[in-house]
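Chemist: Coordinates for the following, if possible.
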Amino acid sequence: MAYPQLTDKAGALATALAIRTRKISVAEAVDAAIVRVGKFDSAIDALAVPDFERAYETAKAMDKGAPPLDQPLFGVPMTIKESFDVAGLPTTFGHPEFRNQIAPKDALLVKRLKAAGAIIIGKTNVPVDLTDWQSFNPVYGRTANPHNAERSPGGSSGGSAAAVASGMVPCDYGTDIGGSVRVPAHFCGVWGHKTTWGLVPKHGHDFPGMSRREGFIAAADGPLSIAGPLARNAPDLAVLVEVGAEVPLRRRPKPIKDCRLLAITSLPGAPVDASVLGPTEAALEALARAGVRIDRASDLLPDQPQQNRSYIKMMNIVMSNGAPAPDGKRATATDWFALLNAQAANAAQWEALFQTYDFVLAPPAPVLAVPHSDKAVFRGTISINGADEPGGSGLMWSGTATFPGLPSTVLPIGSGNYLGADLPCGMQVIGPRWRDLDCIAAAEAIGQILHS
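Modeler: Purely as a prediction, here's the structure:
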């Protein structure tokens, strides 16, 4: 089962190996990435903030010494989502008033990536306030899907996925609260991983109006939201997770044919378009033919509409930083503690499910890459099987893993025709908390079956 690939350029680990074995220099790797940006980005607009001169100077300095053994990404050119602080570059979240406010220091994740040997060549585009499945703003313009310039690359890590899919860079790091890593991976035909909540720190990923206040210190990551990588293969995802992780992760290898999987393709109030269901059913059939055990329903699955209601309430509070809702009502402390209790109960239900199942398979979104619009997806409608559905209905598929804080790997599984265009399609592989590396390994094994 083929899926559309736009580039045969080396991934992150392959690039690091080529540098380590002196097949190429660090400067050559960085220069090649910059050349690819120059060749492709005028039509895609994935790179919001270039940092080529500093990247090339860093590369030349790294070429003067031997690659350290403890730097798995030594010399790898990469980008990172615009919303992460990189010292000396602006962080705007898409707001023009912050275009000249320069970050004084690197976000913690940026420091870890650099310590692992990666070279940040720039920052990738986002929607305003990171709140759309598109990536356009008045500062840096609109990012196009590299498979089809008339379609969105997803959001809010859309520039990240577009840069990786087009071959500009082998990897990027984004964030996800409403599918913002998984949906761009799905739309652009690349690999993405939503990490277990709290695994990868987001310190230095703060709304610029907050982070520039005198004395402001981010004491903790916000609820629900995570930092997660995008790449073109599973091993690259795994090393990027390990580099960013707060704690070491254990691998518990288990052949995919020994796993018991639960596939979810239908949820109340969250219809899925045939362009997504077709490739998904074909993938499930291929796995079944290969001897993988897949159940199609289970009473162990938490009540998804109920989970979604709590998820949306919590996400709205988090995204607004507790400001009043459009109806003027503000959540009380009692409301918040009720949501925390609902989240804990929901997480316990998922933990019980994973006593029976190893992983859960599901669509990342109900549609393939949507046409460009000047209105945010969540403020309008999306076409599903010929009917206009509320844009927010798709959030149930991302919230499935987000509300309980679970890891979820998206792998490309094929393609479908959505609104007259052939586009990539992905699948989520959701696993137990802290089993991120096993989640990625399961997705890799599934990919090997589907694409062999």
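Chemist: Contacts only, for residue 310.
Modeler: Counting by Cβ atoms under 8 Å, 6 or more residues apart in numbering, residue 310 touches 339, 342, 343, 346, 403. Every C-beta, even on glycine, is put in place using the N, C-alpha and C of the backbone.
Chemist: Switch those over to TSV; also include neighbour count and distance to residue 18.
Modeler: As requested, those are exported to TSV (neighbours: other Cβ atoms under 10 Å; distance: Cβ to Cβ, whole Å):
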residue	neighbour count	distance to residue 18
339	20	48
342	18	49
343	20	44
346	19	45
403	26	41
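Chemist: So for this protein, the centremost residue is which one?
Modeler: For the chain, the residue nearest the mean C-alpha position is residue 181 (1.6 Å; Cα atoms, centre = their mean).
Chemist: just checking, that residue touches residue 237?
Modeler: No: taking contacts as Cβ atoms under 8 Å, residue 181 lies outside contact range of residue 237: 10.4 Å.
Chemist: wait, is residue 122 part of a strand?
Modeler: Yes: under DSSP: H, G, I helix; E, B strand; the rest coil, residue 122 falls within a strand.
Chemist: quick one: it from residue 389, how far?
Modeler: Distance from residue 122 to residue 389, counting by Cβ to Cβ, to the nearest Å: 36 Å.
Chemist: Of those two, give the one with the bigger neighbour count.
Modeler: residue 122 (29 against 18; other Cβ atoms under 10 Å).
Chemist: what sits against the nearest residue to that one once chain neighbours are set aside?
Modeler: Spatial nearest neighbour of residue 122, excluding adjacent residues (Cβ to Cβ, 6 or more residues apart in numbering): residue 50 at 4.3 Å. By Cβ under 8 Å, 6+ apart, residue 50 lies in contact with 37, 121, 122.
Chemist: Please read off the pLDDT at the second one from the model.
Modeler: pLDDT recorded at residue 121 is 98.
Chemist: By mean pLDDT, flag the weakest helix or strand of this structure.
Modeler: Ranked by mean pLDDT, DSSP states H and E, the helix or strand of the chain with the weakest confidence is helix 208-211, at a mean of 70.
Chemist: Quick check: next helix or strand after it?
Modeler: strand 226-231 (DSSP states H and E).
Chemist: domain parsing for the chain?
Modeler: Following automatic domain parsing, one gets these domains for the chain: 12-244, 257-451.
Chemist: Buried deepest among the ones you listed, which one?
Modeler: Comparing the domains of the chain by mean neighbour count (mean count of other Cβ atoms under 10 Å), domain 12-244 ranks first with a mean of 22.
Chemist: Quick one: end-to-end length of that one, please.
Modeler: Chord length of domain 12-244, first to last residue, is 15 Å (Cα to Cα, to the nearest Å).
Chemist: roughly how far is it from the heart of the chain?
Modeler: Its chain's average C-alpha position is 11 Å from that of domain 12-244, according to Cα atoms, centre = their mean, to the nearest Å.
Chemist: And the strands in the stretch 151-300 of the chain?
Modeler: Counting by DSSP state E, counting those that start in this stretch, the segments of the stretch 151-300 of the chain that form strands are 171-176, 191-194, 226-231, 260-263, 293-295.
Chemist: which residues of the stretch 101-250 of the chain fall in helices?
Modeler: All helices of the stretch 101-250 of the chain, identified by DSSP state H, counting those that start in this stretch, fall at 108-115, 158-165, 182-188, 208-211, 234-244.
Chemist: between those helices, which gets the lowest average pLDDT?
Modeler: Taking the mean pLDDT of those, helix 208-211 comes last: a mean of 70.
Chemist: returning to that earlier point: read off the pLDDT value for the residue nearest to residue 122.
Modeler: The model's pLDDT for residue 50 equals 98.
Chemist: Dihedrals phi and psi, it?
Modeler: Dihedral pair for residue 50: phi -70, psi 150, per degrees, to the nearest 10.
Chemist: Could you report the distance from it to residue 107?
Modeler: Taken as Cβ to Cβ, the span from residue 50 to residue 107 is 18 Å.
Chemist: Dump the contacts of residue 50 to CSV, plus distance to residue 315.
Modeler: As requested, the contacts of residue 50 are exported to CSV (distance: Cβ to Cβ, whole Å):
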residue, distance to residue 315
37, 33
121, 32
122, 29
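Chemist: Tell me the one of these nearest residue 62?
Modeler: Among these, residue 121 lies closest to residue 62 (Cβ to Cβ), at 13.4 Å.
Chemist: thought that closest one was touching residue 52?
Modeler: Yes: between residue 121 and residue 52 there is a contact at 6.2 Å, judged by Cβ under 8 Å.
Chemist: and for the two, which residues touch both?
Modeler: residue 34.
Chemist: And the helices in the stretch 251-400 of the chain?
Modeler: So, for the stretch 251-400 of the chain - with DSSP H, counting those that start in this stretch - the helices run 274-289, 304-319, 333-353, 395-402.
Chemist: Mean pLDDT and distance to residue 161 for those helices - can I get that in CSV?
Modeler: What follows is the helices of the stretch 251-400 of the chain, written out as CSV (pLDDT from 0 to 100; distance: least, Cβ to Cβ, whole Å):
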stretch, mean pLDDT, distance to residue 161
helix 274-289, 98, 17
helix 304-319, 96, 21
helix 333-353, 98, 27
helix 395-402, 97, 15
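Chemist: so which of these comes closest to residue 451?
Modeler: When the helices of the stretch 251-400 of the chain are compared by Cβ to Cβ, helix 274-289 sits nearest residue 451, at 9.7 Å.
Chemist: just how off-centre is that closest one within its chain?
Modeler: Centroid separation for helix 274-289 versus its chain: 22 Å, with Cα atoms, centre = their mean.
Chemist: same thing with stretch 242-258?
Modeler: Mean C-alpha position of stretch 242-258 versus that of the full chain (Cα atoms, centre = their mean) differs by 18 Å.
Chemist: nearest residue to residue 129 other than its sequence neighbours?
Modeler: Of all residues not flanking residue 129 in the chain, residue 93 sits nearest, at 5.7 Å (Cβ to Cβ, 6+ apart).
Chemist: Please give me every residue in contact with that neighbour.
Modeler: By Cβ under 8 Å, 6+ apart, residue 93 lies in contact with 82, 83, 126, 128, 129, 130, 207, 208.
Chemist: And those, which is closest to residue 249?
Modeler: residue 83 (24.6 Å).
Chemist: okay, the closest one: pLDDT?
Modeler: pLDDT, residue 83: 97.
Chemist: from now on call the first residue 3
Modeler: With 3 as the first residue, the last one maps to residue 85.
Chemist: Kindly indicate whether it is helix, strand or coil.
Modeler: Residue 85 carries the three-state label coil when classified by three-state DSSP.
Chemist: Please list all residues in contact with it.
Modeler: Contacts of residue 85 by Cβ under 8 Å, 6+ apart are 93, 95, 128, 132, 158, 177, 207.
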